[in-house]
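Participant: Turn this into a structure:
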Amino acid sequence: CDDCGLCLAACPAAAVAGDGFSRLPLEKTFADPAAPVALACRRQQKSSPWPCLGFVDGRLLLALVFSGENSARPVCLDDTACAACRPAVAAHLEETVVETNRLLLLAGKPPLLRGEDAGRLSSGRPISRRAFFSALLGAAIDTVREVMDSGEAAPVPLPRQDWFVRHVAPAAFAGDTPSPFFAALAIGDACLACGLCLRICPRKAITADDCGDALEFTHHPSRCTGCGLCAVHCPQGAITVDPPGRPAPRHVARRSLPVCQSCRQVYQPVGNQPLCIECLLKGKDKSIITRKANINTGNEIV
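Facilitator: Predicted structure coming up:
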């Protein structure tokens, strides 16, 4: 591992953490809406709390912008050394910044600034890029030192999805345009409306309205991280989750509840079970009674 941080940005469950990627500097930033944000690696600025910028993703950048005053915090990302240092990180950041700026334009917000434009965040006399980053990162460094002094044992993953949901409204982006930052969910005709996807989604990104004989499914892309748990565990293999998607909540399907093969009543199945719970329990009771009778008459087959 070379501490590039790309795994932190790629993990949809935010389950990856690293020693050099403390969340405390970012939490301090979110707590101060008036403060501009400068993101730089230690190669660019030795005082930076981050060894590399590979951990940065679009949702984190959007959360930083929208958490500022008037939902328009100035954010600068200094990636000028990335191409020579780690080309994979440079390519990741280039794609991320381009798409983030496209969404910010749709939302009527100022775009992200790149390293050479850092001085534009100052409204007074021009300042050097070095002085700018040193000033902005000072508070972050103090926070990291506090963590080191407190003896924090293990690194904690960055709760970027929580920050995004807290600060960015799904309706912020005009035109509800598709973006690779959001996943699109589809539910095929094979769905039996068992509702397992509702219960298994860790972000509650799938909801359903009970219509009596059917369920109306709605997907909330701003909550969804595209982890694919719903697709993997769907008993019918009826779900697909793929980007790009639109950020606004979207009705995705209406699926009829099945009819019990025994009592002919509409029911919500458990997996592929063809009987409702009542008939399933009755069948088990009948099976138990029959088994006891066979034992009493000596007809039990072992």
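Participant: how about low-confidence regions in the stretch 201-302 of the chain?
Facilitator: Counting by pLDDT under 70, the stretch 201-302 of the chain shows low-confidence ranges at 284-302.
Participant: what about 90?
Facilitator: Filtered on pLDDT under 90, the stretch 201-302 of the chain yields the residue ranges 212, 261-262, 267-302.
Participant: Just the strands from it, written as ranges.
Facilitator: Here the stretch 201-302 of the chain has its strands, by DSSP state E, counting those that start in this stretch, at 206-210, 214-219, 239-242, 250-256.
Participant: Go through those strands and name the closest to Cys276.
Facilitator: Ranking the strands of the stretch 201-302 of the chain by proximity to Cys276 (Cβ to Cβ) places strand 250-256 first, at 14.8 Å. The way it works is simple: take the backbone N, C-alpha and C, and place the C-beta from them, glycine included.
Participant: in its sheet, what does the closest one sit against?
Facilitator: Here strand 250-256 has these sheet partners by DSSP bridges: strand 214-219 (antiparallel).
Participant: Which among the strands of the stretch 201-302 of the chain is found nearest to Arg114?
Facilitator: With Cβ to Cβ as the criterion, Arg114 lies closest to strand 239-242 of the strands of the stretch 201-302 of the chain, at 30.0 Å.
Participant: and the closest one, which residues are buried?
Facilitator: When neighbours are counted by 16 or more other Cβ atoms under 10 Å, the buried residues of strand 239-242 are found to be Ile239, Val241.
Participant: for that strand, packing partners?
Facilitator: Strand 239-242 sits against strand 184-187, helix 229-233, with contacts defined as 3 or more Cβ pairs under 8 Å, 6 or more residues apart in numbering; DSSP states H and E.
Participant: C-alpha coordinates for it, PDB please?
Facilitator: Taking Å, rounded to 0.1, in the frame of the first residue of the first chain, the C-alpha atoms of strand 239-242 are listed here in PDB:
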ATOM      1  CA  ILE A 239     -32.700  -6.000  -9.500                       C
ATOM      2  CA  THR A 240     -29.900  -4.100 -11.300                       C
ATOM      3  CA  VAL A 241     -27.900  -1.100  -9.900                       C
ATOM      4  CA  ASP A 242     -25.700   0.800 -12.300                       C
END
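Participant: So what touches that strand?
Facilitator: 183-188, 191, 197, 224, 226, 228, 230-231 (Cβ atoms under 8 Å, 6 or more residues apart in numbering).
Participant: Count the residues that sit near the closest residue in space to Ala15 that isn't next to it in sequence.
Facilitator: With Cβ to Cβ, 6 or more residues apart in numbering as the criterion, Ala15 has its nearest non-adjacent residue at 6.1 Å, and that residue is Pro157. Neighbourhood size, Pro157 [other Cβ atoms under 10 Å]: 15.
Participant: what's the answer for Asn101, then?
Facilitator: 16.
Participant: is it true that it lies in a helix?
Facilitator: Yes - Asn101: assigned to a helix according to DSSP: H, G, I helix; E, B strand; the rest coil.
Participant: Who are the contact partners of it?
Facilitator: So Asn101 contacts Pro111, Leu112 (Cβ under 8 Å, 6+ apart).
Participant: can you tell me how far it sits from Lys109?
Facilitator: 9 Å (Cβ to Cβ, to the nearest Å).
Participant: Including neighbour count and distance to Asp2, could the contacts of strand 239-242 go into CSV?
Facilitator: Shown next, in CSV, are these (neighbours: other Cβ atoms under 10 Å; distance: Cβ to Cβ, whole Å):
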residue, neighbour count, distance to Asp2
Ala183, 21, 29
Ala184, 18, 33
Leu185, 25, 35
Ala186, 13, 38
Ile187, 23, 41
Gly188, 13, 42
Cys191, 21, 44
Cys197, 25, 37
Cys224, 25, 30
Gly226, 18, 26
Gly228, 15, 28
Cys230, 24, 34
Ala231, 18, 32
